[in-house]
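S.K.: Make a model of this:
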Amino acid sequence: GHWGPEESGFDKSFAATCVAITPDGKSIISATFDGNVFRWEAGHNSGWSAAAPPKFTYKDNMQEHESRVWCVAVSPDSNVVASCSNDGTVKLWHIGGAHKGKTVTLDQQREWYSSVAFSMDGHWLASGGNDQVIRLWSVATGACVKRLKGHNADVRSL
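M.R.: So this is what the prediction gives:
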């Protein structure tokens, strides 16, 4: 297993904008300027240790964004990846569990999103962007359940 883009087949000219490690330590998720969300998996017998991280290999590209992906987050159970983009979308990528392989677009607005974060129980996702609103989403239904207004500038981090 290699980290290098040469071995994975993607264009290394696009810089990573965000990286997240799944809580179970089995995958690394990276997002890029060109709208890609890559997943890297640890080998079956790999484990984290103080001496060395596990060996990771390129798994797949969850490419559905049309523009720069600013942020990725992983649910506490490691089954769902959330991403947000300049294309005005927040997406959920089910990489494990009962809905494995399913992709859900939570919103498509005219503004862009720059940050996403899961609640500790994984039932909720918060998103923020340049419209100065934090949105709270139900991961189960994909519905926006709350809009938190009050910021007078972009919400760039959660």
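S.K.: okay, now the spatially closest residue to Lys149 that is not a sequence neighbour: neighbour count?
M.R.: Nearest residue to Lys149 in three dimensions, chain neighbours excluded: Val133, at 5.5 Å (C-beta to C-beta, 6 or more residues apart in numbering). Bear in mind the C-beta positions are built from the backbone N, C-alpha and C, glycine included. Using other C-beta atoms under 10 Å, Val133 has 18 neighbouring residues.
S.K.: Against Lys59, how distant is Val133?
M.R.: Relative to Lys59, Val133 is positioned 34 Å away (C-beta to C-beta, to the nearest Å).
S.K.: The residue nearest the centre of the chain pairs with what?
M.R.: With distances taken as C-alpha atoms, centre = their mean, the residue of the chain nearest its centroid is Val72 (2.6 Å). Here Val72 sits in beta bridges with Ser83, as judged by DSSP bridges.
S.K.: Please report how far it lies from Ser138.
M.R.: From Val72 to Ser138 the distance is 19 Å (C-beta to C-beta).
S.K.: follow-up on the earlier one: quick one, what contacts the residue nearest to the centre of the chain?
M.R.: 18-20, 29-31, 37, 81-83, 116 (C-beta atoms under 8 Å, 6 or more residues apart in numbering).
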